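[1] Below: sequence and its predicted model.
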Amino acid sequence: MGCVDEVKSMNFALYGQWLGIASIILLIALGIVGFIGHVVFSIVGWVIAVILIFVEIPLCFKFCPTSPKFDTFIAYFENCWFRAIMYLVFAVVMFLSNLMGASPLIACAVCLLLAAISYGAAAAMGQAFASSR
């Protein structure tokens with residue numbers, strides 16, 4: 001299935017995965033940009049990005065040695081409901097960074113929220129979890 005076919009599929013789990021990958025990029029890049037103003041939230045953003053890398057990019061399991069306990073933990077997120085909740089929690093954490101003053105991390109929070117909405121829509125519509133190729 002090509003990129004155009006995935007867009008036409010109306011599978012919200014795929015949209016959630018794309019938004020999750022965009023969130024990873026934003027969390028890393030804007031964490032660097034906002035490091036001076038918001039050290040704590042930048043570091044929290046990097047930690048969230050690392051977690052999302054393992055959740056969204058299964059190829060990382062082949063390169064990074066992980067324990068069976070960690071693999072079992074990540075397997076819980078093969079469900080769209082769990083992913084929606086996880087992304088919503090991460091979005092709330094990033095929205096809290098905006099309470100401390102204007103922060104570039106608000107873009108991360110919005111992207112995480114959109115990913116949560118996409119995974120929530122997929123779960124509500126009964127769509128099975130799908131991974132982009």
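    Nice, thanks for sending it over. Numbering: from 1, shown residues only.

[2] what sits against the residue nearest to residue 22 when sequence neighbours are not counted?
    Excluding the flanking residues, the one nearest residue 22 by Cβ to Cβ, 6 or more residues apart in numbering is residue 111, at 5.5 Å. All C-beta spots, glycine's among them, are computed from the backbone N, C-alpha and C. Residue 111 makes contacts with 19, 22, 23, 26, as judged by Cβ atoms under 8 Å, 6 or more residues apart in numbering.

[3] Go ahead and flag the most central residue of the chain.
    residue 20 (3.5 Å; Cα atoms, centre = their mean).

[4] Could I get the pLDDT score of residue 100?
    If you check residue 100, the pLDDT there is 75.

[5] Quick one: residues contacting it.
    So residue 100 contacts 38, 41 (Cβ under 8 Å, 6+ apart).

[6] so how far is residue 78 from it?
    35 Å (Cβ to Cβ, to the nearest Å).

[7] Give me the distance between residue 90 and residue 67.
    Taking Cβ to Cβ, one finds residue 90 at 23 Å from residue 67.

[8] Which one's more surrounded, those two?
    Ranked by neighbour count (other Cβ atoms under 10 Å), residue 90 and residue 67 place residue 90 first, with 26 against 8.

[9] Since that was my last question, I'll sign off now.
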